[in-house]
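A.B. asks: no sequence on this one, just coordinates:
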């Protein structure tokens, strides 16, 4: 996993989770507490409500990316940049300042005037964006989007989100954002939930991950909560996202989100990582996650089914079925551990499928192994 240095702030597996607070200088932005058009008031908000509560990064929006509003031109965003620059120059606290934009021209101007990094909500739809960020040696968040400056985040399926993040490549300082939220009418709450379930797959890109899940509909709907009531579900999801590999959490609720991120970080898996030896234990819990890493390494993605180990307990086998299972297990490459109360079965999906075939061939469909074959059918297809 690539670590990213954002103006001295380390982001990645070797660093604690980072919290990105939000400041908007866009009058149309829907979250009123974060919206300011006076630089002095904006700076006070950043100091007292964001940095003082634990924000490492402050993301400054020049316009609302909400699909209900007209898209501003680069020139219109630049007209608002003076307010943003004056605000960050007036901040007394220490933070990394990110400019949220879709335009390379705006990013270039902001970075030249004191901003430290870019949050590209259109995911390099402006093809000049990567070069601008490289020229300034700046970190950049790449949100999954179509190659269209007017449709940020408008992708539904997880595989398409992953492909969008790969499109136009990644800089050495790219942070990827799977774009949670209702960015298009076609995107469903279940699409977001599926993306969250498969969050570890995005580690296959080899770059730090940012999530923006604060009070999002796909979480509120599960608990039947309004936006105002949705902080608890956001915090639960924050801990889970960090445990699954997220490195930056974008939020309006800084102090509470920081606490939740700390919990997720402490209880995440301990993995071997030795840069000197060039050894890293990957955070892989499914064949799909393994396939992403195999693709990144240029290896055969068909081997993904040989990388994940599944463990099952079989508790209703007869002595004859146990003997059949043990006899086939060695040839299949599966571990069988018999006990007095049941049998523990462990192996990769591919090995378990081989075991099922060997047992079925041996039984010929005859008793007493019919029940065993049925059990191995379930083991070979645990999602059925």
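C.D. replies: Happy to help now that I have it. Small disclaimer: the values here were computed from a predicted structure and weren't measured.
A.B. asks: what helix or strand is residue 119 on?
C.D. replies: Assigning secondary structure by DSSP states H and E places residue 119 in strand 117-120.
A.B. asks: Check the average confidence over that strand, would you?
C.D. replies: Regarding strand 117-120, the rounded mean pLDDT is 98.
A.B. asks: List the neighbouring strands of that strand plus their orientation.
C.D. replies: Next to strand 117-120 in the sheet, as set by DSSP bridges, lie strand 96-101 (parallel), strand 139-143 (parallel).
A.B. asks: just checking, next helix/strand downstream of the longest one?
C.D. replies: Going down the chain from strand 96-101, the next helix or strand is helix 104-112, by DSSP H and E.
A.B. asks: cool, and the shortest one?
C.D. replies: Scanning forward in sequence from strand 139-143, with DSSP H and E defining helices and strands, the next element found is helix 158-166.
A.B. asks: So what's the gap between that following helix and the chain middle?
C.D. replies: On the basis of C-alpha atoms, centre = their mean, to the nearest Å, helix 158-166 sits 12 Å off its chain's mean C-alpha point.
A.B. asks: Show me what it is in contact with.
C.D. replies: By C-beta atoms under 8 Å, 6 or more residues apart in numbering, the residues outside helix 158-166 that reach it are 123, 142, 144-146, 155, 176, 178-179, 191, 194-195, 198, 201-202, 204-205, 292. For the C-beta atoms, the positions are set from N, CA and C on the backbone; glycine is no exception.
A.B. asks: If we use 6 Å, what do you get?
C.D. replies: When contacts are defined by C-beta atoms under 6 Å, 6 or more residues apart in numbering, helix 158-166 is touched by residues 123, 144, 155, 176, 178, 194-195, 198.
A.B. asks: Now do the helices in this structure.
C.D. replies: For the chain, helices defined by DSSP state H occupy the ranges 39-45, 74-90, 104-112, 129-135, 158-166, 189-197, 217-223, 231-243, 254-266, 287-296, 319-332, 349-363, 370-380.
A.B. asks: Point out the other helices and strands that the longest one packs with.
C.D. replies: Contacts defined by 3 or more C-beta pairs under 6 Å, 6 or more residues apart in numbering; DSSP states H and E place helix 74-90 against helix 39-45, helix 104-112.
A.B. asks: The last one - contacts with which helices or strands?
C.D. replies: Right, the one you point to is helix 104-112. Counting contacts by 3+ C-beta pairs under 6 Å, 6+ apart, helix 104-112 is packed against helix 74-90, helix 129-135.
A.B. asks: So which bits of it are buried?
C.D. replies: Applying a neighbour-count criterion of 16 or more other C-beta atoms under 10 Å, the buried positions in helix 104-112 are 104-111.
A.B. asks: in this protein, what spans have low per-residue confidence?
C.D. replies: Within the chain, the stretches with pLDDT under 70 are 28-34, 66-67, 362-369, 382-384.
A.B. asks: Now with 90, please.
C.D. replies: In the predicted model, the chain carries pLDDT under 90 at residues 1, 25-38, 63-71, 184-185, 275, 316, 320, 360-374, 380-384.
A.B. asks: Got the phi and psi for residue 168?
C.D. replies: phi 70, psi 10 (degrees, to the nearest 10).
A.B. asks: count of residues packed around the closest residue to it other than its chain neighbours?
C.D. replies: Nearest residue to residue 168, sequence neighbours excluded (C-beta to C-beta, 6 or more residues apart in numbering): residue 124, at 4.0 Å. Using other C-beta atoms under 10 Å as the criterion, residue 124 is surrounded by 25 other residues.
A.B. asks: Isn't residue 124 up against residue 167?
C.D. replies: No. If you go by C-beta atoms under 6 Å, residue 124 and residue 167 don't touch, sitting 7.2 Å apart.
A.B. asks: re the thing from before, now the helices and strands packed on helix 104-112 as TSV including mean neighbour count and distance to residue 3?
C.D. replies: Written out in TSV, the entries for those read as follows (neighbours: other C-beta atoms under 10 Å; distance: least, C-beta to C-beta, whole Å):
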stretch	mean neighbour count	distance to residue 3
helix 74-90	18	25
helix 129-135	19	16
